[in-house]
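# Sequence and predicted structure, then a few things I'm wondering about:
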Amino acid sequence: SAVISQKPSRDICQRGTSLTIQCQVDSQVTMMFWYRQQPGQSLTLIATANQGSEATYESGFVIDKFPISRPNLTFSTLTVSNMSPEDSSIYLCSVGGGNQPQHFGDGTRLSIL
Amino acid sequence: KQEVTQIPAALSVPEGENLVLNCSFTDSAIYNLQWFRQDPGKGLTSLLLIQSSQREQTSGRLNASLDKSSGRSTLYIAASQPGDSATYLCAVTINTGANSKLTFGKGITLSVRP
C-alpha cells in the first residue's frame, strides 16, 4: 500500500491567517482526496484533487477557503485560508479508491486561537 | 443522501472477549464498504475492504460481513486484546472512478481492559 506523508503534523495558528498542508505519496496516483475530521464528528470529504485539472469540491466547501494544488502525481497541498476557531480540525489526505482500499496519511492537527 | 451510523459510540470489554461492531447505511447502492482503525493522534489504517458483490472478508482475528440489501455491516473481532483499543470507523464508497467518495460513520471507540 502507498505510504503517505503529511506536513505539518500539527500547528497552532492565529485567526485570520492561512496554513498550507502538504501531502506526499511514495508512488504516482491519479486521485488524491482531502478530508476534514472535526472534534467528535466523522470524516468529511473536502475535495478530490486530480493532477492537471481543477479540484472538485464537495457541497459546503469552496476554493477560496480551501485552495488545493496538485502539481504532479505524487504531491498535493491544501491551504486553509483566513482561519477561524471553527477550522480547528484534523485534516487528512488519502489515496486509492474505486475497487481498492483508500489509504490515509497521519493527518494534520490544526488549532486556531 | 447517504448516512452511515455506528452505535454505540463507545464500548469497553475485558480482554479475550469476542465482540461485534455494527455499522448501518441508508442507501444500499454502494460500491464497497471499508473498515478502518484510528489510534489516538494517528491517521486511519485500512483493515478490510468488502466489495458490494461480497458477503465477507477476513484478516487474522478480524472478520467483516456485508448485507447490502439491509444496509448493514459488522466487524467481528475474535479474542480481543488491549492492543485492539482504538476507534473503528466504517465507510461506504458511493461512486467509482473519478469520484470515489467515502462516507464515514462517527466511529466506535473500543477499550479492551487487561
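That came in fine, so what should we check first?
# what does chain A have sitting close to chain B?
Within reach of chain B by CB under 8 Å from any CB of the partner chain, chain A has these residues: A:1, A:4, A:6, A:31, A:33, A:35, A:40-45, A:48, A:50, A:56, A:58, A:92, A:94, A:96-107, A:109. C-beta: built from backbone N, CA, C; applies to glycine.
# I'd like to know which of those residues are buried.
Buried members of the residues of chain A next to chain B, counted by 16 or more other CB atoms under 10 Å in any protein chain shown: A:4, A:6, A:31, A:33, A:35, A:42-45, A:48, A:50, A:56, A:92, A:94, A:96-98, A:101-107, A:109.
# helices and strands of chain B: which one bottoms out on pLDDT?
strand B:102-104 (a mean of 92; mean pLDDT, DSSP states H and E).
# Give me the sheet partners of that strand and which way each runs.
When sheet partners are counted by DSSP bridges, strand B:102-104 sits next to strand B:86-93 (antiparallel).
# Next, the buried residues of the strand it pairs with.
Going by 16+ other CB under 10 Å, strand B:86-93 has these buried residues: B:86-93.
# Please enumerate residues in contact with the helix-or-strand element of chain A with minimal mean pLDDT?
Least confident element among the helices and strands of chain A, by mean pLDDT, DSSP H and E: strand A:100-104 (a mean of 90). For strand A:100-104, contacts defined as CB atoms under 8 Å, 6 or more residues apart in numbering or on different chains pick out A:1-2, A:4, A:33, A:35, A:92-96, B:34, B:36, B:43-46, B:49, B:91, B:100, B:102.
# Between strand B:86-93 and it, find me the angle.
Angle of strand A:100-104 versus strand B:86-93, following axes from the mean of the first three to the mean of the last three CA atoms, to 10 degrees, is 130 degrees.
# After strand A:100-104, heading C-terminal, what element do we hit next?
Downstream of strand A:100-104, the first helix or strand assigned by DSSP states H and E is strand A:108-112.
# So which elements touch that following strand?
strand A:10-13, strand A:89-97 (3 or more CB pairs under 8 Å, 6 or more residues apart in numbering or on different chains; DSSP states H and E).
# and those strands as CSV, adding mean pLDDT?
Converted to CSV, the helices and strands packed on strand A:108-112 look like this (pLDDT from 0 to 100):
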stretch, mean pLDDT
strand A:10-13, 96
strand A:89-97, 93
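# Figure out which of these is closest to residue A:69.
strand A:89-97 (12.2 Å; CB to CB).
# hmm, who's touching that closest one?
By CB under 8 Å, 6+ apart, strand A:89-97 touches A:1-2, A:4, A:6, A:21, A:23, A:25, A:29, A:31-39, A:43, A:46, A:76, A:78, A:80, A:102-110, B:43-44, B:93, B:100, B:102.
# Partner strands of it, with direction?
Strand A:89-97 pairs in its sheet with strand A:31-37 (antiparallel), strand A:100-104 (antiparallel), strand A:108-112 (antiparallel), by DSSP bridges.
# ok, of those, where does mean pLDDT dip lowest?
Note on the strands paired with strand A:89-97: lowest mean pLDDT is at strand A:100-104, with a mean of 90.
# quick check, distance from that strand to the centre of its chain.
Chain-centre distance of strand A:100-104: 15 Å, with CA atoms, centre = their mean, to the nearest Å.
# Give me the mean pLDDT for stretch B:39-55.
Stretch B:39-55 comes out at a mean pLDDT of 92.
# and that stretch, how far apart are its ends?
This stretch, stretch B:39-55, spans 27 Å end to end (CA to CA, to the nearest Å).
# Give the buried residues for that stretch.
Residues of stretch B:39-55 classed as buried: B:43-44, B:46-50 (neighbour count, 16+ other CB under 10 Å).
# Right, I'll leave it there.
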